[in-house]
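Student: everything below, folded, please.
(chains A and B)
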2 protein chains.
Amino acid sequence: SAVALACAYFDLEAMIYMVRISYEQKQYRGTLMRTYGAKIVPSPSDLTEYGRKVKKEKPDHPGTLGIAISEALEDTVNHENTKYTLGSVLNFVMLHQSVIGQETIAQFDSIDETPDYIIGCVGGGSNFAGLAYPFMADDRFRDTKFIAAEPTACPSLTKGEYRYDFGDTAGLTPKLKMYTLGADFTPPKIHAGGLRYHGVAPSISALVEEGRITPYAFNQIDVLNAGVLFAKSEGIVPAPESAHAIKAVIDIALESKKAKESRTIVFNLSGHGHFDMLAYSDLMDGTLNGDVPEGIS
Amino acid sequence: SAVALACAYFDLEAMIYMVRISYEQKQYRGTLMRTYGAKIVPSPSDLTEYGRKVKKEKPDHPGTLGIAISEALEDTVNHENTKYTLGSVLNFVMLHQSVIGQETIAQFDSIDETPDYIIGCVGGGSNFAGLAYPFMADDRFRDTKFIAAEPTACPSLTKGEYRYDFGDTAGLTPKLKMYTLGADFTPPKIHAGGLRYHGVAPSISALVEEGRITPYAFNQIDVLNAGVLFAKSEGIVPAPESAHAIKAVIDIALESKKAKESRTIVFNLSGHGHFDMLAYSDLMDGTLNGDVPEGIS
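Tutor: The predicted structure is shown next:
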């Protein structure tokens, strides 16, 4: 939706390849983008050769971020005056997001506190990096622990391999050294669509490999229950993605309480859940699946 | 949803009688309230004598705010330790909302401007009064014009009568002197559910009668198109209710441009439209009705 709005401001046409399962689960996010003037198509679509190929093999494919990236890239290279944009993984995206961490540090400068934990959810990695990297780069925070929260349904950091892999599914991108579940991994249809990516940004992957970032994976039922508790406590309904970070916060807070230790915990509430209310309906109606696929966990 | 959240904070049970058409159109607002822990029932419901009576006469009744108020009142008087709460019309509600206008005046104090127009949408009247009354009470703003925007589908101020009427439909409230379409008026199923009230707060009605407030009525298609223009320009998708005020703002801004006059316009963006995306879908899909019922306009 940020891309759709930016295009509205600069009078550009926006074409969004939205992962089909997200297109269905987050229907009104599509409406939001259309309100901004964008054209939206569920991916895999009939608009690209790669999309048609995927649909032919598996007509009811729920889509993946990797497939959507492949389609958007194919569309871009086949049309003049078209640019491709992506919200995560690459270094320049992380750099722009780092305004979040810089502002958080400025807030810490105004109070007499140091964070013991910095927590974010990780799909591609940009919201996590945006908060964490400025702290990591600052020696005053050398004792701070960094925690990346991901879904058990798409456990790139906790169960993936650290190796070279494609960023997309069709193999159009250069290979990147990263934690990956394999470019053709199709995660279950969890509501945290933003975390259904097979890989993680190379810089985050390297920091996990070095032990500077600790990853944890959470089940979507626990995650959404954490989201409900947060909503009742703070009034803000978090996006399912962000609720992964909240689940980690609650666990650490309870552990601290048990240990009778006072800890300062910072997390990135990366998005509200106003376009994810279906997830909360499903949770409260008892129709939500746990999300651990065969063979993982 | 404010009541649901307040009850969560104070560990009270919340029971919401939500107008059935809003329950359907704003489904995820119901989910939001459930997330906060409230119980929601579409009104007319089977839970009250009055609700059952209305449903018996007209099984597919879309509901009205007047019926929902009647049901909530009946529920309250029949249960001990139960309190009834309402978001508009009454003086104490207006008083609490006046923080909006007081803060706006504080902002004007910090710049060298005086508003030429103050605009709000009017259902019961609280968001309008909350913005406008502090300005009206301050002699520095004696030349400011006050404009109340309402739907052509429920034109209480522009087509109603100024007389005594019940606040609810069952006749449980004291009679109030106000502009009214009649306590049993059932407006068309427009998306601006918050403006589907047959009457308007007595104090606003009196100020309209005296000519201090000028009411205008707008069709929901024009209103939602104004909402789309605002979304594309500002990034914020307004609630259909608030979009009535925006439609008035746009009209006055265009008129000012034509007259080559510079005017300062203030309006109350009383709510975002994240739970009203169905309205925008319907608009963009061309399935939205104009809303002028027979015999009006």
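Student: tell me the SS of the spatially most central residue of chain A?
Tutor: The centroid of chain A falls nearest to A:G123 when counting by CA atoms, centre = their mean (3.2 Å). A:G123 falls in the coil class when you classify it by DSSP: H, G, I helix; E, B strand; the rest coil.
Student: helix, strand, or coil at A:K257?
Tutor: Assignment for A:K257 (three-state DSSP): helix.
Student: residues near A:V99, how many?
Tutor: Applying other CB atoms under 10 Å in any protein chain shown, we find 12 residues neighbouring A:V99. (C-beta placed from N, C-alpha, C; glycine too.)
Student: tell me the contacts of it?
Tutor: A:G130 (CB atoms under 8 Å, 6 or more residues apart in numbering or on different chains).
Student: roughly how far apart are it and A:Y133?
Tutor: Applying CB to CB, to the nearest Å, one obtains 11 Å for the distance of A:V99 from A:Y133.
Student: kindly report the same for A:M284.
Tutor: For A:M284, the distance to A:Y133 - CB to CB - is 37 Å.
Student: number of residues surrounding the residue lying closest to the residue nearest to the centre of chain A once chain neighbours are set aside?
Tutor: Nearest residue to A:G123 in three dimensions, chain neighbours excluded: A:L195, at 4.0 Å (CB to CB, 6 or more residues apart in numbering or on different chains). If you count neighbours by other CB under 10 Å, A:L195 ends up with 25.
Student: residue contacts, A:L195?
Tutor: Neighbouring residues of A:L195 by CB under 8 Å, 6+ apart: A:121-123, A:150-151, A:154, A:241, A:244.
Student: identify the residues contacting stretch A:225-232?
Tutor: So stretch A:225-232 is contacted by A:236-238, A:240, A:242-243, A:246-247, A:250, A:273, A:280, A:283-284, B:5, B:8, B:35-37 (CB under 8 Å, 6+ apart).
Student: try it again at 6 Å.
Tutor: A:237-238, A:243, A:246-247, A:250, B:8, B:35-37 (CB atoms under 6 Å, 6 or more residues apart in numbering or on different chains).
Student: will you turn the contacts of A:L195 into CSV that also has distance to B:Y23 and pLDDT?
Tutor: Output for the contacts of A:L195, formatted as CSV (distance: CB to CB, whole Å; pLDDT from 0 to 100):
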residue, distance to B:Y23, pLDDT
A:C121, 32, 98
A:V122, 37, 98
A:G123, 34, 95
A:E150, 36, 97
A:P151, 32, 97
A:C154, 35, 96
A:E241, 28, 97
A:H244, 31, 98
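Student: among those residues, name the buried ones.
Tutor: A:121-123, A:150-151, A:154, A:241, A:244 (16 or more other CB atoms under 10 Å in any protein chain shown).
Student: I'd like those residues laid out as a markdown table, including distance to A:K55.
Tutor: Listed next are the buried ones among the contacts of A:L195 as a markdown table, based on distance: CB to CB, whole Å:
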| residue | distance to A:K55 |
| --- | --- |
| A:C121 | 30 |
| A:V122 | 29 |
| A:G123 | 24 |
| A:E150 | 28 |
| A:P151 | 25 |
| A:C154 | 22 |
| A:E241 | 26 |
| A:H244 | 30 |
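Student: tell me which of these is nearest to B:K177?
Tutor: Nearest to B:K177 out of the buried ones among the contacts of A:L195 is A:E241 (CB to CB; 51.9 Å).
Student: distance check, that closest one against A:L288.
Tutor: A:E241 is 16 Å from A:L288, by CB to CB.
Student: in the stretch 151-297 of chain A, where is pLDDT below threshold?
Tutor: The model of the stretch 151-297 of chain A has pLDDT under 70 over residues A:291-297.
Student: now with 80, please.
Tutor: A:289-297 (pLDDT under 80).
Student: residues of it that sit close to chain B?
Tutor: A:228, A:231-232, A:235, A:237, A:274, A:277, A:280-281, A:284 (CB under 6 Å from any CB of the partner chain).
Student: pLDDT wise, what is A:N78 at?
Tutor: Looking at A:N78, its pLDDT is 96.
Student: how much space between A:E255 and chain B?
Tutor: From A:E255 over to chain B the distance is 25 Å, taken as CB to the nearest CB, to the nearest Å.
Student: now do the contacts for that residue.
Tutor: A:E255 neighbours (CB under 6 Å, 6+ apart): none.
Student: closest to A:A217 among the contacts of A:L195?
Tutor: Nearest member of the contacts of A:L195 to A:A217, counting by CB to CB, is A:E150, at 5.2 Å.
Student: quick one: strands adjacent to the helix or strand containing the closest one?
Tutor: Assessed by DSSP states H and E, A:E150 sits inside strand A:145-151. Note on strand A:145-151: by DSSP bridges, its sheet partners are strand A:117-121 (parallel), strand A:213-218 (parallel).
Student: and the next helix or strand past that strand?
Tutor: Downstream of strand A:145-151 (by DSSP H and E), the next one is helix A:156-159.
Student: who's more crowded, A:M284 and A:Y133?
Tutor: Remark: of A:M284 and A:Y133, A:Y133 carries more neighbours, 22 against 14, as counted by other CB under 10 Å.
Student: about what we covered before: in a markdown table: the residues of the stretch 151-297 of chain A next to chain B, plus distance to A:I111 and secondary structure.
Tutor: Formatted as a markdown table, these follow (distance: CB to CB, whole Å; DSSP: H, G, I helix; E, B strand; the rest coil):
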| residue | distance to A:I111 | secondary structure |
| --- | --- | --- |
| A:V228 | 29 | helix |
| A:A231 | 26 | helix |
| A:K232 | 26 | helix |
| A:G235 | 23 | coil |
| A:V237 | 27 | coil |
| A:H274 | 30 | coil |
| A:M277 | 35 | helix |
| A:Y280 | 33 | helix |
| A:S281 | 39 | helix |
| A:M284 | 37 | helix |
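Student: am I right that A:T186 falls within a strand?
Tutor: No. Looking at A:T186 with three-state DSSP, it is coil, so not inside a strand.
Student: just give the nearest non-adjacent residue to it, would you?
Tutor: A:T64 (5.5 Å).
Student: burial count for the one you found?
Tutor: 27.
Student: now the residue in the stretch 101-250 of chain A positioned nearest to chain B, nearest residue through space, not along the chain?
Tutor: Closest to chain B within the stretch 101-250 of chain A is A:K232: 4.5 Å, counting by CB to the nearest CB. Among residues not flanking A:K232 along the chain, B:A8 sits closest, at 4.5 Å (CB to CB, 6+ apart).
Student: so what's the one you found up against?
Tutor: Counting by CB under 6 Å, 6+ apart, B:A8 has contacts A:232, B:36-37.
Student: which among these gets closest to B:K260?
Tutor: B:Y36 (49.7 Å).
Student: where does the residue in the stretch 1-150 of chain A positioned nearest to chain B sit, in terms of helix or strand?
Tutor: Closest residue of the stretch 1-150 of chain A to chain B, CB to the nearest CB: A:Y28 (3.6 Å). Using DSSP H and E, A:Y28 falls within helix A:27-35.
Student: show me what counts as buried in the helix or strand following that helix.
Tutor: Remark: after helix A:27-35, the chain's next helix or strand is strand A:39-43, criterion DSSP H and E. By 16+ other CB under 10 Å, the buried positions in strand A:39-43 come out as A:40-43.
Student: can you check stretch A:268-279 too?
Tutor: Those would be A:268-271, A:273-279, for stretch A:268-279 by 16+ other CB under 10 Å.
Student: what's the end-to-end length of it?
Tutor: 20 Å (CA to CA, to the nearest Å).
Student: please state the offset of it from the chain centre?
Tutor: Offset of stretch A:268-279 from its chain centre (CA atoms, centre = their mean, to the nearest Å): 12 Å.
Student: enumerate the residues of the stretch 1-150 of chain A near chain B.
Tutor: A:5, A:8, A:28, A:31, A:34-37.
Student: which two among the residues you listed are spaced furthest apart?
Tutor: Largest separation among those by CB to CB: A:A8 and A:Y28, giving 17.5 Å.
Student: many thanks, I have nothing further to ask.
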